[in-house]
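K.L.:
what's the 3D shape of this:
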Amino acid sequence: MDCREFRNKHVAFVDDLLSAVEMDAMQRHVIGCARCSRHDTAIRRSLLLVRNLPPIQPSRDFVQRLNVRLAQLGPVPRDAIIAPRATFASMSAFAALAAGVVAVAYMSVATMHYFDSAAAPSPAPTVAVAPEPVPPPAAIANAAFVASVPTGIPIWPAVLMAGEAPGHFANMDLRENESAR
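P.N.:
Below is the predicted model:
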């Protein structure tokens, strides 16, 4: 587990909402990583402090005083809320559009340069050569068996010949019987 994954799952780790496997991985990471251990300790201490604070008891007339104060302030004009966000959105949209135009221009110049350099002369023609004939499978298996005997590795050719073994041994018996007659 890396530090980024630990920090992304830390809230669920503190609340004990992860699976047992993930909890174990998080605990092992806390033990092994000093930085994440400090982060975990700071979060757990702050939660302990907040949970142990005494409850706030507002005065009896708090709600009445709050409503009077809010009435004195009056409603907030919509222009004050919307205008800054609209200006920011239009500036960010302009910046994104400008970056897009620059990227398209760069890509077109790079593509033109690529096509200009790609117009090199073609290489000389090559001559196709017919492949060597492949010997029949039985010849390959026998050659592999003969080649493997001196090296001391007779296992893989035996696997190749496993399908032919019953027929080969039967033919051998027939040949011995014919030669004996």
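
K.L.:
domain parsing for this structure?
P.N.:
Taking automatic domain parsing as the criterion, the chain consists of the domains 3-51, 77-117, 138-180.

K.L.:
comparing those domains by mean pLDDT, which bottoms out?
P.N.:
Mean pLDDT per stretch puts domain 138-180 lowest among those, at a mean of 54.

K.L.:
can you map out the helices along this structure?
P.N.:
Taking DSSP state H, the helices of the chain run over residues 3-8, 10-14, 20-32, 34-51, 62-73, 78-117, 137-151, 155-161, 165-180.

K.L.:
give me the buried positions along the second one.
P.N.:
Residues of helix 10-14 classed as buried by neighbour count (16 or more other CB atoms under 10 Å): H10, F13. Just so you know, the C-beta spots here come from the backbone N, C-alpha and C atoms, and that holds for glycine as well.

K.L.:
and for the third one?
P.N.:
Along helix 20-32, these residues count as buried under the neighbour rule (16+ other CB under 10 Å): A25, M26, H29, V30.

K.L.:
show me what contacts the residue nearest to F13 when sequence neighbours are not counted?
P.N.:
What sits nearest to F13 in space, not counting adjacent residues and going by CB to CB, 6 or more residues apart in numbering, is M26, at 4.6 Å. Contact analysis of M26 by CB atoms under 8 Å, 6 or more residues apart in numbering lists M1, F6, K9, H10, F13, L18.

K.L.:
again, but for E5
P.N.:
Taking CB under 8 Å, 6+ apart as the contact definition, E5 lies against nothing.

K.L.:
how far away is it from G32?
P.N.:
13 Å (CB to CB, to the nearest Å).

K.L.:
repeat for Q57
P.N.:
Taking CB to CB as the criterion, Q57 is separated from G32 by 45 Å.

K.L.:
hang on, the earlier thing: got the contacts of M26 as CSV, with distance to D61 columns?
P.N.:
Supplementary listing: the contacts of M26 in CSV, determined by distance: CB to CB, whole Å:
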residue, distance to D61
M1, 53
F6, 48
K9, 45
H10, 42
F13, 43
L18, 46
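
K.L.:
and those, which is closest to S37?
P.N.:
When those are ranked by distance to S37 (CB to CB), F6 comes first, at 10.0 Å.

K.L.:
columns distance to S37 on top of the buried residues of helix 20-32, output as TSV?
P.N.:
Compiled in TSV, the buried residues of helix 20-32 are given as follows (distance: CB to CB, whole Å):
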residue	distance to S37
A25	14
M26	11
H29	9
V30	5
